[in-house]
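Q: this is the structure alone, sequence omitted:
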């Protein structure tokens with residue numbers, strides 16, 4: 001039972017940690033939801049594409065492959081399916097991440113003291129054997145890894161092409177990678193390993209739309225690619241920009257963080273009154289206040305006069321929502337009306353963003 005709980009927690013933690021926004025080139029599923037012992041997959045019309053009683057849990061979809069925990073009759077293993085429900089391959093590894101840049105990070109665990117990371121391709125072939133003491137997903141052709149005393153970025157052959165000595169990093173985004181040094185100060189390097197932004201921040205986030213959140217003396221603000229502060233540090237938390245908007249948090253009167261929306265000039269577009277939010281997408285964002293969700297536009301105004309008990313972000317004109325007054329489950333359009341409804345699910349994952357929305 002403990003092993004099952006740990007597996008489920010890992011799956012949902014990696015769903016949250018690995019959002020996916022760039023799948024437009026592939027025909028894509030809309031969502032996967034669980035009902036009793038079945039996982040059911042639907043497209044953008046609400047039509048069922050396939051279902052399975054052998055899938056135990058769904059860990060998201062990237063690059064046309066759905067990551068699952070699968071009961072093959074002998075054991076529960078990691079297995080990947082295509083968007084039509086065809087099982088492409090099973091994996092022998094202790095853990096496998098979603099695909100990124102055509103490769104998936106694998107984890108080989110022999111015991112609590114021996115854990116190694118490697119990579120497979122989209123057919124399940126081992127491209128880089130598990131050998132790294134630590135590793136991250138590939139982004140922009142490179143992945144951070146540790147092997148012995150070496151830390152840096154590897155290429156898709158597993159070769160170290162960028163040595164960062166005693167520093168730690170995560171990934172490249174918009175050509176720059178945030179890196180911390182031995183004094184635990186953060187800066188940014190380029191693909192040649194040159195320091196572009198000096199190591200002077202207490203924390204740093206990845207660049208998005210030319211801006212990166214940084215922490216100075218326990219307050220977050222934003223810098224540009226040259227390291228210039230463009231939005232003064234004054235927030236408790238900051239998120240990445242999307243379509244020129246983001247959400248930032250400050251401490252409320254009850255000492256709980258309250259979220260508000262700002263634009264890339266740092267202008268406040270809403271008061272700091274929200275308990276939660278969804279990413280700003282297609283000109284709309286869902287915000288949570290007084291135990292209800294509603295949608296706001298780019299000016300922070302109500303997009304339509306309707307409230308929901310659950311809500312998700314928009315993509316291709318659709319967003320998951322549950323009606324707060326008359327329990328209805330399905331995807332709404334940009335006017336707030338249901339495009340289609342589904343039966344009440346036990347849980348639902350929006351596969352376009354790889355987030356659980358119900």
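A: Here it is on my side, so go on. Computed from a predicted structure; not experimentally measured.
Q: you'd agree residue 164 is up against residue 152?
A: Yes - Residue 164 lies in contact with residue 152 (C-beta atoms under 8 Å); the separation is 4.8 Å. Any C-beta I mention is one placed from the backbone N, CA and C, and that applies to glycine too.
Q: show the contacting residues for residue 99.
A: Residue 99 makes contact with 62, 63, 65, 67, 122, according to C-beta atoms under 8 Å, 6 or more residues apart in numbering.
Q: nearest residue to the fourth one in space, please, no chain neighbours.
A: In other words, residue 67. residue 59 (3.9 Å; C-beta to C-beta, 6 or more residues apart in numbering).
Q: for the nearest residue to residue 107 once chain neighbours are set aside, give me its contacts.
A: Take residue 107 and drop its neighbours on the chain: the residue closest to it by C-beta to C-beta, 6+ apart is residue 95, 3.9 Å away. For residue 95, the contacting residues are 10, 78, 106, 107, 109, by C-beta under 8 Å, 6+ apart.
Q: what does residue 66 give?
A: So residue 66 contacts 29, 32, 41, 58, 60, 80, 81, 82, 83, 351 (C-beta under 8 Å, 6+ apart).
Q: that one and residue 82, how far apart?
A: Distance from residue 66 to residue 82, counting by C-beta to C-beta, to the nearest Å: 7 Å.
Q: which neighbours do those two share?
A: By C-beta under 8 Å, 6+ apart, no residue touches both residue 66 and residue 82.
Q: any weak-confidence spans in the chain?
A: Judged by pLDDT under 70, the chain has its weakly predicted residues at 1-27.
Q: how close does residue 188 sit to residue 207?
A: Look at residue 188 and residue 207: by C-beta to C-beta, they are 8 Å apart.
Q: scratch that, residue 226 is what I was asking about
A: Counting by C-beta to C-beta, the gap from residue 226 to residue 207 is 12 Å.
Q: same drill for those two, tell me which one is more crowded.
A: residue 207 (24 against 9; other C-beta atoms under 10 Å).
Q: the more buried one: what's it in contact with?
A: 173, 174, 176, 188, 225.
Q: what sits closest to it if chain neighbours are left out?
A: Nearest residue to residue 207 in three dimensions, chain neighbours excluded: residue 174, at 4.3 Å (C-beta to C-beta, 6+ apart).
Q: same check, this time on residue 298
A: Leaving out its chain neighbours, the residue that sits closest to residue 298 by C-beta to C-beta, 6+ apart is residue 283, at 5.6 Å.
Q: who touches that neighbour in this structure?
A: For residue 283, the contact set (C-beta under 8 Å, 6+ apart) comprises 243, 297, 298, 314, 334.
Q: now these in TSV, please, with extra columns for secondary structure and distance to residue 195.
A: Output for the contacts of residue 283, formatted as TSV (DSSP: H, G, I helix; E, B strand; the rest coil; distance: C-beta to C-beta, whole Å):
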residue	secondary structure	distance to residue 195
243	coil	30
297	coil	40
298	coil	36
314	coil	38
334	coil	44
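Q: buried among these? Make that a PyMOL selection.
A: For the buried members of the contacts of residue 283, the matching PyMOL selection, counting by 16 or more other C-beta atoms under 10 Å, is:
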select buried, resi 243+297+298+314+334
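Q: nearest to residue 358 among the contacts of residue 283?
A: residue 314 (15.9 Å; C-beta to C-beta).
Q: I'd like to know how far the closest one sits from residue 286.
A: Residue 314 is 8 Å from residue 286, by C-beta to C-beta.
Q: do the same with residue 277
A: Counting by C-beta to C-beta - residue 277 and residue 286 are separated by 7 Å.
Q: next one: residue 117
A: Residue 117 is 35 Å from residue 286, by C-beta to C-beta.
Q: ditto for residue 184
A: Look at residue 184 and residue 286: by C-beta to C-beta, they are 35 Å apart.
Q: more neighbours, these two?
A: residue 286 (26 against 10).
Q: residues in contact with that one?
A: By C-beta under 8 Å, 6+ apart, the contact set of residue 286 is 277, 278, 293, 294, 295, 308, 311, 312, 313, 319, 321.
Q: one more pass at 6 Å, please.
A: Contacts for residue 286 (C-beta atoms under 6 Å, 6 or more residues apart in numbering) come out as 278, 293, 295, 311.
Q: who is it paired with across the strands?
A: Beta-bridge partners for residue 286, by DSSP bridges, are residue 295.
Q: next, find the distance separating it from residue 337.
A: 16 Å.
Q: what element comes up after the strand or helix carrying residue 60 heading to the C-terminus?
A: Element membership for residue 60, per DSSP states H and E: strand 55-62. Counting by DSSP H and E, the next helix or strand C-terminal to strand 55-62 is strand 65-71.
Q: and that next one, what's buried?
A: 65, 66, 67, 68, 69, 70.
Q: also stretch 264-272?
A: Buried, per 16+ other C-beta under 10 Å, within stretch 264-272: 264, 269, 270, 272.
Q: also stretch 254-262?
A: 257, 258, 259, 260, 261, 262.
Q: got a list of what the last one touches?
A: To tie it back to what came earlier, the one meant is residue 262. Counted by C-beta under 6 Å, 6+ apart, residue 262 has contacts 248, 268.
Q: circling back to that earlier point, which one among the contacts of residue 99 gets closest to residue 212?
A: residue 62 (23.3 Å).
Q: wait, that closest one touches residue 98, no?
A: Yes - at 4.2 Å, residue 62 counts as touching residue 98 under the criterion of C-beta atoms under 6 Å.
Q: can you give me the helices in the chain?
A: All helices of the chain, identified by DSSP state H, fall at 2-17.
Q: let's have the contacts of residue 283 in TSV, adding distance to residue 237.
A: Shown next, in TSV, are these (distance: C-beta to C-beta, whole Å):
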residue	distance to residue 237
243	20
297	23
298	21
314	23
334	28
